[in-house]
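[1] how would this look folded up:
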Amino acid sequence: MDWTNILKAQQTDFIARIKSGDLLHCEKEGQHSELTVISGERLKQLRDFCWEMAEKYRRTSTPIRDVFINNLKGKLGEEVVKSRLGNFVTEVDYEKRKGGDGKVDFTLTSDSSIGIQVKTRYGNCDQVQWTIDREEIEKNSVLVCVLCQEEFSETEKEYRFIMAGFLPTNMIKSTGDKTLVGIDELLYPGSLRGYLDSLITHKVEEYIRLGIECFYGADDEGFISNFNQALQLNPNNADIYYELGDIFLDLGNFIRAIEDYTQAIKIDRNFSKAYNYRGIARSQLGDKQGAIADFKQAADLFYEQGDQKFYKYALDKIRELELQEDNKSQKQLPQPWNIGDRVIHKEFGGGQVTHIFELGKRISLAIRFNELGQKIIDPTIAQLVKID
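    Numbering: from 1, shown residues only. Reported below is the predicted structural model:
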C-alpha cells in the first residue's frame, strides 16, 4: 500500500472538520495541533518587526502597507510551524537583511540539508491555493501550508491559524516557474514530524551502509566519517552503536564492542541481538557470568519476538557456558589418567579410556562408551568422573 493513501484519507476527514470547526488545539510547543492561536505580546513583537522590515527594504513602487502585510503573513506562518515542531527545526529567522531567507524557511536542527518551505494564505479552504516556485521546490524537502482564518491587517488582535497540510517537494508536479497547490492535494499535517523523522532515518541508514562498506574496503577515514555523520544526525539511534559493536567484535576488540552494544541497549532495552552479541564479546573476555546473563536476556526477547533461530542459539550458548562453569566448580587437582580407567560422563554415560593423547600440557582421552561408541574427550572441559 502507498504510504500516502492513509494520510490522504486523514486529510479528507481533516478538511471536513475544518468546515465544521472541530479542530484539535494544543498550546504546548513541539506537540501537534491543528489550530494555533497567536495574539498579545507575541503578535505585537511580530508586527513591530514586520513594520521595521517594510520600512527598511520596501521598493518605491510598492505601498509600504503591502510590504508589511506580506512580511507579517510570512512570519506568522513560520511561527505556527515553529510552535508545532519546536527544537526539531531551526529558529525563525529574524535577521534584518536584504534578500530574505534564501528560499528556505527552516532546516532540521540535526541536518541543515533538509529544508522546509512555509506558505501562508487567507481564504476559504475550498478555494485557497498556495504558490511555490521552482527554486523553492529544488531547495526544500517539504512544503508546509498554513491557512489563516482572519484577514491580515495592521490592527487584528488575534490570528487563528490552521496547519493545512504538507507535501514532500518530490511529489509536487511542477509545470512551470510557479505551481499552485490546493488543500486536497496536501497530506495530513499530524504526520509532518513523522515524515521528517523518516528522512533522517533514511540518511542514517545510508551513512551506516557506507560506513560498513568503507570498513570492509579498508577505508578507515571513510568508515569513521560515515559513522560520525550518522551519529551527528541521530545520536540516539541504537542501530548505529549495534553496527559499530559488530565491527569491533569482528576486529577482536571485545572491550570496545561491549561498550557499543551497551550503548545500543541503553537506547533500546528490547534490542535482543545487542544482548546476544554482547554475550559473545563477554564470553571471549572470560566473563562467563556476564555472558550467561546477556544470553538469558537475549533468549527471553527472541522468544517474545518470535525469532526461533536466535532463541535456540542463545539457549545453546547458555548451556555451553553453564557446563563450563559446572566443570570449573567441580574441578579438583589434576587426575592421572591411565588406559583402562573406567569413567562416567554427564551426557554419554559410562565408558572406559582406550587411548591417551598428549600435546604439550594438553591431554585428550579416547573413551569407548557403553552405548555411544568411542569419542575423543578433553577432560579439562568435559564433566568426567573417574570410577575407582
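
[2] how far is stretch 65-73 from where the chain is centred?
    40 Å (CA atoms, centre = their mean, to the nearest Å).

[3] What are the buried residues along it?
    67-73 (16 or more other CB atoms under 10 Å). Every C-beta, even on glycine, is put in place using the N, C-alpha and C of the backbone.

[4] Out of those residues, list just those in helices.
    Counting by DSSP state H, the buried residues of stretch 65-73 place 67-73 in helices.

[5] what ranges of the stretch 101-250 of the chain fall below the confidence cut-off?
    101 (pLDDT under 70).

[6] redo that, cut-off 80
    101-102, 175 (pLDDT under 80).

[7] Could I get the full set of helices for it?
    Assigned helices in the stretch 101-250 of the chain, in chain order: 134-139, 192-216, 220-233, 238-251 (criterion: DSSP state H, counting those that start in this stretch).

[8] can you tell me how far residue 78 sits from residue 145?
    Residue 78 sits 13 Å away from residue 145, taking CB to CB, to the nearest Å as the criterion.

[9] hey, what's in contact with both of those two?
    Any residue near both residue 78 and residue 145 by CB atoms under 8 Å, 6 or more residues apart in numbering counts here, and that gives residue 118.

[10] if you count what's nearby, which of those two comes out ahead?
    Legend: neighbour count by other CB atoms under 10 Å for residue 78 and residue 145, higher for residue 145 (27 against 24).

[11] residues in contact with the more buried one?
    118-121, 130, 163-167, 181, 183, 186.

[12] Kindly recompute the last result at 6 Å.
    119, 130, 164-165, 186 (CB atoms under 6 Å, 6 or more residues apart in numbering).

[13] can you put these in JSON lines and add distance to residue 28 and neighbour count?
    Formatted as JSON lines, these follow (distance: CB to CB, whole Å; neighbours: other CB atoms under 10 Å):
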{"residue": "119", "distance to residue 28": "25", "neighbour count": "20"}
{"residue": "130", "distance to residue 28": "26", "neighbour count": "25"}
{"residue": "164", "distance to residue 28": "21", "neighbour count": "27"}
{"residue": "165", "distance to residue 28": "21", "neighbour count": "29"}
{"residue": "186", "distance to residue 28": "24", "neighbour count": "22"}
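
[14] What are the contacting residues of stretch 254-270?
    Here stretch 254-270 has contacts from 236, 238, 241-242, 244-245, 248-249, 271, 274, 277-278, 281, 284-285, 301, using CB under 6 Å, 6+ apart.

[15] ok, now stretch 127-138?
    Here stretch 127-138 has contacts from 103, 117, 119, 121, 143, 145, 169, 172, 174, 177-182, using CB under 6 Å, 6+ apart.

[16] and if you look at stretch 365-385?
    Taking CB under 6 Å, 6+ apart as the rule, stretch 365-385 contacts 327, 343-346, 348-355, 364.

[17] Residue 61: neighbouring residues, count only.
    Neighbours of residue 61 using other CB under 10 Å come to 5.

[18] Ok, residue 280 next?
    18.

[19] Which of the helices or strands spans it?
    helix 272-284 (DSSP states H and E).

[20] buried sites along that helix?
    272-283.

[21] what about that helix, distance to the chain center?
    The answer for helix 272-284 is 22 Å, by CA atoms, centre = their mean.

[22] quick one: average pLDDT of whichever helix or strand comes after it?
    Past helix 272-284, further along toward the C-terminus, the next helix or strand under DSSP H and E is helix 288-305. Across helix 288-305, pLDDT averages out at 91.

[23] and the angle for helix 288-305 with helix 272-284?
    With axes from the mean of the first three to the mean of the last three CA atoms, to 10 degrees applied, the angle from helix 288-305 to helix 272-284 works out at 160 degrees.

[24] which helices and strands does helix 288-305 pack with?
    Secondary-structure packing of helix 288-305 (3 or more CB pairs under 6 Å, 6 or more residues apart in numbering; DSSP states H and E): helix 272-284, helix 308-330.

[25] picking up where we left off before, ChimeraX command to pick out the buried ones of the contacts of stretch 365-385?
    In ChimeraX, this line selects whichever of the contacts of stretch 365-385 come out buried by 16+ other CB under 10 Å:
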select :327,343,345,348,351,352,353,364
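
[26] With pLDDT as new columns, can the contacts of stretch 365-385 be given to me in CSV?
    Converted to CSV, these look like this (pLDDT from 0 to 100):
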residue, pLDDT
327, 59
343, 85
344, 82
345, 82
346, 74
348, 80
349, 81
350, 85
351, 87
352, 89
353, 89
354, 88
355, 84
364, 79
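
[27] wait, which of the contacts of stretch 365-385 is closest to residue 34?
    Comparing the contacts of stretch 365-385 against residue 34 with CB to CB places residue 327 closest, at 66.2 Å.

[28] Contacts only, for residue 208.
    Taking CB under 6 Å, 6+ apart, one finds 230, 243 in contact with residue 208.
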